[in-house]
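sharing a sequence plus its predicted fold:
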Amino acid sequence: MKNIDVHKEIKFEFPVGYMAFHKNEAFNFQLNRFYSFGYADYDDLMDIAKHVENVDDWKSQFLLYAKKMEAVDNMLRAAYYYRAAEFFMPPYDQEKAEIYNTFQKIIHSIMMEDGIEFIQVPYEEAFLPCLRRYTDQEKKKGDLLIHGGFDSYKEEFYSTMKYFTDKGYDVYVFEGPGQGEAIRKFNLPIHHHWEKPTSTVLDYFALDDVTLLGVSMGGYLCFRAAAFDKRIKRLIASSVAYDYTDFPPKLLQPIVYLFYNVFKKYTANAILKVIEQKDIKSWYFANLQYMLKTNDPMDMVNFLTSMTSDELHCENITQDVLILTGRDDHACPFKMHDKQVKALIHANSVTDKVYYEETKASHHCQIGNIGLSFDDMSDWIDKIRGNNHVKN
C-alpha cells in the first residue's frame, strides 16, 4: 500500500535573484545553484565566498560551515554544505568519498522521514539508484520522472520532489550511468543511449503515462529517451544542448574538428595537462574522466563528439514538449534553443519559453528563479493533461 503521509513540515523557499556571490562565474553559479533550490543561506554563502580564491578554499569553507550547521542541529543545511564541499574535489581524492558518504547519511535520514523511498532498480549487472515520493492519492494528477545531467545527484532534487508532490504528482528521480551512486557504487559509465536506463525505470515501476523532466545535460539526454519510449507522453527539458559538436562558433568549428579528429595526440595531451592542474578549470574534464571510467582523454573527446543532433532522433518524438531556456545560459549556447525547437517536426505540440534577465531565471537551468520555472512546468503539465490530446 502506498505511503500517503507525505506532508512532513519541511518547507523549501525558492529565493528570487541570481546573486553576485563571487567574481568567478564558475564559483558564482554553483553558489547560486545551492541557494536557488533552497538548500543554503544567503549570509552563509556571502561569507564563504569572501574566503574562496581556489578549489581548496571552497572545500575548507564549506566543510567549516557544514560542521557549524551540525553544531546547531541544522542538519538539512549541513547536508548540502557537505555536498557543496565535495563538488570541486577531484574524483580520485579519498576525502571526496568520505564527504559524499557523510552527505548521503545525513540527507537520506531526513528524506526518508519525509516520505521519500530509496529504491535500487536492477540494470544490466548492477543497479540504478532511484527516489520515489507519493502525493496524496486522492488528489493525484499523474507521474513525473526526473533525471539530471553532468554533475547532479538524485538528492539535489529533494525540493523539486516536494514541490511537485504538493502539486499532485507521484515523483520519481533516477541516477543513470555516469551519475551519482550509479558511477560511484555500481561503476556504470555514462553513455548517451538514455532510453536504456529510462525504459528500465519505467518497466520497474510499471509507468506508462509519464512526464519526463531532464535537467542540464539531462536536457539533451531526455530527448533521446523520449524518441525511443512512447510511455513518455510529455517531455520537459530545462536547458537544451541539441548538438555538442555545434557549440563552437561556426568559424572555429573546422579548427575544433582538426584537433578532435586529426591532431588527436596533441588534444589528448592538452586535456591531460588541464586535468593535472587540479584547479577549477580542470574540474570539467576530471569529472568527465570519472564518469566515463577512463584514463584515456580521447574517450572524453569521443563521448562529447558522439552527442550530436543525429543521435537524438528528434524526428521520432511525437509527444508534447516543453523547452525552458535561459537567455544568459553560460553552459549551452543560446543558438541551441531554436535548433532544438525546429528539429521537433513530428511532436504533438512544442512550447518553448525563453527567460530573460528581468525574470531572474535567465541563467543555466533557470538558476536564479527556480520557483518560476517550476510554476511554468506545473501549469504546462496541467494544461496538456487537461487537453488530453496526446497521439498514440
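Cool, the structure landed.

which parts of the stretch 101-250 of the chain are strands?
Assigned by DSSP state E, counting those that start in this stretch, the strands in the stretch 101-250 of the chain fall at 116-123, 126-133, 142-147, 169-174, 210-215, 232-238.

will you turn these into TSV that also has mean pLDDT, mean neighbour count and distance to Asp379?
Yep, even glycine has a C-beta here, placed from its N, CA and C like the rest. TSV is the format used below for those (pLDDT from 0 to 100; neighbours: other CB atoms under 10 Å; distance: least, CB to CB, whole Å):
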stretch	mean pLDDT	mean neighbour count	distance to Asp379
strand 116-123	98	16	25
strand 126-133	98	22	21
strand 142-147	98	24	14
strand 169-174	98	26	13
strand 210-215	98	26	13
strand 232-238	98	25	12
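
how about those strands in TSV, adding distance to Phe285?
Below are the strands of the stretch 101-250 of the chain laid out as TSV (distance: least, CB to CB, whole Å):
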stretch	distance to Phe285
strand 116-123	27
strand 126-133	25
strand 142-147	23
strand 169-174	25
strand 210-215	21
strand 232-238	24
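
out of these, flag the one nearest Leu45.
Leu45 sits nearest to strand 210-215 of all those, at 21.3 Å, using CB to CB.

which helices and strands sit right next to the closest one?
strand 142-147, helix 218-228, strand 232-238 (3 or more CB pairs under 8 Å, 6 or more residues apart in numbering; DSSP states H and E).

CA atoms of the second one as CSV?
C-alpha atoms of helix 218-228 as CSV (Å, rounded to 0.1, in the frame of the first residue of the first chain):
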residue,chain,number,x,y,z
GLY,A,218,19.7,15.8,-19.0
GLY,A,219,18.0,18.3,-21.3
TYR,A,220,19.9,16.6,-24.1
LEU,A,221,19.5,13.0,-22.9
CYS,A,222,15.8,13.2,-22.3
PHE,A,223,15.1,13.8,-26.0
ARG,A,224,16.9,10.6,-26.8
ALA,A,225,14.8,8.7,-24.2
ALA,A,226,11.5,10.1,-25.5
ALA,A,227,12.4,9.3,-29.1
PHE,A,228,12.5,5.5,-28.2
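
and it, what other elements does it pack with?
strand 142-147, helix 195-205, strand 210-215, strand 232-238.

please redo it, this time with the cut-off set to 6 Å
The contact analysis (3 or more CB pairs under 6 Å, 6 or more residues apart in numbering; DSSP states H and E) places helix 218-228 against helix 195-205, strand 210-215, strand 232-238.

between those, which one is closest to Ala268.
Ala268 lies closest, by CB to CB, to one member of the helices and strands packed on helix 218-228: helix 195-205, at 28.1 Å.

what angle do that closest one and strand 210-215 make?
Angle, helix 195-205 to strand 210-215, by axes from the mean of the first three to the mean of the last three CA atoms, to 10 degrees: 140 degrees.

which parts of helix 195-205 are buried?
For helix 195-205, burial by neighbour count (16 or more other CB atoms under 10 Å) applies to 195-198, 200-202, 204-205.

of those, closest to Gln277?
Closest to Gln277, out of all of the buried residues of helix 195-205 and judged by CB to CB, is Pro197, at 32.5 Å.

mind checking how far that closest one is from Pro91?
Taking CB to CB, to the nearest Å as the measure, Pro197 and Pro91 are separated by 21 Å.

tell me how this structure divides into domains.
Using automatic domain parsing, the domain parsing of the chain gives 25-105, 117-243+307-387, 253-304.

make CSV out of the helices and strands packed on strand 210-215 and add distance to Ser349.
Listed next are those as CSV, based on distance: least, CB to CB, whole Å:
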stretch, distance to Ser349
strand 142-147, 17
helix 218-228, 13
strand 232-238, 9
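
relative to Lys250, which of these is closest?
The closest of those to Lys250 is helix 218-228. By CB to CB, the value is 20.2 Å.

show me what the closest one is in contact with.
147-149, 194-195, 198, 212, 214, 232, 235, 237-241, 312-313, 316-317, 319 (CB atoms under 6 Å, 6 or more residues apart in numbering).

what of stretch 288-306?
91, 178, 183, 189-190, 244-245, 260, 264, 268, 271-272.

what of stretch 155-173?
For stretch 155-173, using CB under 6 Å, 6+ apart, the contacting residues are 6, 12, 37-38, 107, 131-135, 139-146, 154, 374, 378.

how about that stretch as PDB, C-alpha atoms only?
Taking Å, rounded to 0.1, in the frame of the first residue of the first chain, the C-alpha atoms of stretch 155-173 are listed here in PDB:
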ATOM      1  CA  GLU A 155      19.400  14.100  -3.600                       C
ATOM      2  CA  GLU A 156      19.600  17.500  -5.200                       C
ATOM      3  CA  PHE A 157      16.100  17.100  -6.500                       C
ATOM      4  CA  TYR A 158      14.700  17.000  -2.900                       C
ATOM      5  CA  SER A 159      13.000  20.400  -3.100                       C
ATOM      6  CA  THR A 160      11.800  19.600  -6.600                       C
ATOM      7  CA  MET A 161      10.100  16.400  -5.400                       C
ATOM      8  CA  LYS A 162       8.500  18.300  -2.600                       C
ATOM      9  CA  TYR A 163       7.100  21.000  -5.000                       C
ATOM     10  CA  PHE A 164       5.600  18.500  -7.400                       C
ATOM     11  CA  THR A 165       4.200  16.100  -4.900                       C
ATOM     12  CA  ASP A 166       2.500  19.100  -3.300                       C
ATOM     13  CA  LYS A 167       1.100  19.800  -6.800                       C
ATOM     14  CA  GLY A 168      -0.400  16.300  -7.100                       C
ATOM     15  CA  TYR A 169       2.200  14.200  -8.800                       C
ATOM     16  CA  ASP A 170       3.900  11.000  -7.700                       C
ATOM     17  CA  VAL A 171       7.600  11.800  -8.300                       C
ATOM     18  CA  TYR A 172      10.400   9.500  -9.300                       C
ATOM     19  CA  VAL A 173      14.100  10.500  -9.600                       C
END
